[in-house]
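Novice: The following comprises the amino acid sequence and a computationally predicted model.
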Amino acid sequence: MNDGILERLRRLRAADAPTHGGHVLAYVYDSGMPELDELADAAASLARPVNGLDPTVFPSVAAMEREVIRFVRRAVHGGRDVTGSVTSGGTESCLLAVKTARELWRAEHPDAVAAGVRPRLLAPVTVHAAFQKAARLFDLDFDPVPCGSDGVVVADALVARLAGDVALVVVSAPAYPSGALDPIRVVAAAARARGIRCHVDACFGGLVLPWWRDVPDWDFRVRGVTSMSADLHKFGYAPKGVSVLLHRGRRQHRAQFFATTRWPGYPVVNPTLLGTRSASPLAAAWAIVQRLGDSGYTDLTASIARVADGIRDEVERIPGLAVMGHPIGPAIALVADADAPRELRVDPHRLADELARHGWRIQHQPGFVQSDGTRLPRSAHLTLTPVLERSLTEFRRALGRAADAVRGRRPADGRVLAGAVRALGYGADRVPGPAASWRLLRLAGAGRIASDRPMATLLALIEELPAPVAEALLTELLARMSEPR
């Protein structure tokens, strides 16, 4: 009977994009070392019955967490004043960083709180969307600062908006959409001078940049940095989901906690948003950190750097295609070369669709108009992993052929469909409900998402629609995928 259940799961998994081998350049982080997967599976299995809710009953949880935090703290140059917690992933780390800063800001600004002032969360527009979620959940005003068309934010633009109502300023190491390293030293120094907390979101790069070449100081060496997030389920090569949130100072770390004795049950003390926590991801991450150590992460990071060099070199050879800005670390975004004649340009979304036909998945990113009118071009994101080095020649060849196949093709245009949506009366002040959203999606030919389905047209529609309408449509599309029929 069990064999039949597992066989059905294998059939379901067969429809997934491959998680190993480097053919999916987003979402998955393959070290290319099968022994790490085996070690993680064994460690996770040993910890499966354990409840991370109470380390007084399961002291193995505290021991593993302590050692993981110590390793990450040392990697990002944190001193003995830096402490933290293991969380369920980058989003939870980001949420907790914001929640902590809000609690401390309220305690330090009682008059502003009494006057009804809402604190601000200040960040570049390229900061991860988890911080928008945090602002909504914890009642802060999200204040995104525009960046240049190359995805680079100017330090002075952030510094100019620092004020007493800012509970937290966030900078990225690096920013996911562009791969750019934010101006951390300048922003953190300015925040420190004004008594404002500064968080470095290193969820993406925190387990790569410590071993990357020629990186400006970005971590706890910068005195104004007060907290940092780093995901072990990304370039720590652990299974989903496990992350670390570090704070400078015990007082700040303790503000992260929720504790209550105000109910008739057991005293509740939660360092994270979750109560009951699986110990399996922690155990897997702990085992991998023990196995790799500094030398292992050094070698894997060097492999990623060679992949980055190879892809940049290939893009330079491809007419009509360019790398966005000046990325540092394991992410590259591809854009159409604006300096090339239109008939030679390679639209990144057409490119991504063509690559998918040949078994390579890169991630579509829609164009984005910022509050100051500056437009970030549509792009395609590539997450670079060590395993890709083994098939780098093959990928370079596929990238060149895909570019040749779509060169000069007009980008997908969502204006006609967006005009139809507006004609029905939908806009920023009126969004479609579930039934209407589904009808609109089907009209747009996007009634389903599949790993082999071209995405350029859907992304073009998203670019043209008011954000509330686009969000309603995407919510409906994803909700329908798991809705029982």
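Specialist: Okay, I see it. Numbering: from 1, shown residues only.

Novice: Doesn't Gly21 lie inside a strand?
Specialist: No - the secondary structure assignment for Gly21 gives coil rather than a strand, going by DSSP: H, G, I helix; E, B strand; the rest coil.

Novice: Got the phi and psi for Leu168?
Specialist: Main-chain dihedrals, Leu168, degrees, to the nearest 10: phi -160, psi 140.

Novice: which residues does it form a beta bridge with?
Specialist: Assessed by DSSP bridges, Leu168 has beta-bridge partners Leu121, Arg197.

Novice: roughly how far apart are it and Val153?
Specialist: Here Leu168 is placed at a distance of 16 Å from Val153 (Cβ to Cβ, to the nearest Å). C-beta: built from backbone N, CA, C; applies to glycine.

Novice: Of these two, give the one with the bigger neighbour count.
Specialist: Each of Leu168 and Val153 had its neighbours counted (other Cβ atoms under 10 Å), and the higher figure belongs to Leu168 (28 against 25).

Novice: In contact with that one, which residues?
Specialist: Ala97, Val98, Ala101, Arg102, Trp105, Leu121, Leu122, Leu140, Ile196, Arg197, Cys198, His199 (Cβ atoms under 8 Å, 6 or more residues apart in numbering).

Novice: again, only using 7 Å
Specialist: With contact set as Cβ atoms under 7 Å, 6 or more residues apart in numbering, Leu168 has these partners: Val98, Ala101, Leu121, Arg197, His199.

Novice: Make a markdown table out of those and add pLDDT, distance to Leu25 and neighbour count.
Specialist: As requested, those are exported to a markdown table (pLDDT from 0 to 100; distance: Cβ to Cβ, whole Å; neighbours: other Cβ atoms under 10 Å):
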| residue | pLDDT | distance to Leu25 | neighbour count |
| --- | --- | --- | --- |
| Val98 | 98 | 29 | 26 |
| Ala101 | 98 | 33 | 30 |
| Leu121 | 98 | 30 | 26 |
| Arg197 | 98 | 34 | 24 |
| His199 | 98 | 27 | 30 |
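
Novice: Now do the closest residue to Val72 other than its chain neighbours against Gly179, distance only.
Specialist: In space, and not counting its chain neighbours, Val72 is closest to Val244: 4.7 Å by Cβ to Cβ, 6 or more residues apart in numbering. Val244 is 22 Å from Gly179, where distance means Cβ to Cβ.

Novice: just Lys240 next, same as before
Specialist: 22 Å.

Novice: who's more crowded, these two?
Specialist: Shown here are Lys240 and Gly179; by other Cβ under 10 Å, Gly179 has more neighbours (28 against 16).

Novice: I'd assumed His326 was in contact with that one.
Specialist: No - when contacts are counted by Cβ atoms under 7 Å, Gly179 is not listed as touching His326 (8.3 Å).

Novice: Phe131: neighbour count?
Specialist: Around Phe131 there are 25 residues (other Cβ under 10 Å).

Novice: for the one 10 residues further on, same thing?
Specialist: Around Asp141 there are 14 other residues, counting by other Cβ under 10 Å.

Novice: Give the full set of residues in contact with the nearest residue to it once chain neighbours are set aside.
Specialist: Nearest in space to Asp141, with sequence neighbours left out and distances taken as Cβ to Cβ, 6+ apart, is Arg120 at 4.8 Å. Shown in contact with Arg120 (Cβ under 7 Å, 6+ apart): Leu140, Asp141, Asp143, Asp165, Val166, Ala167.
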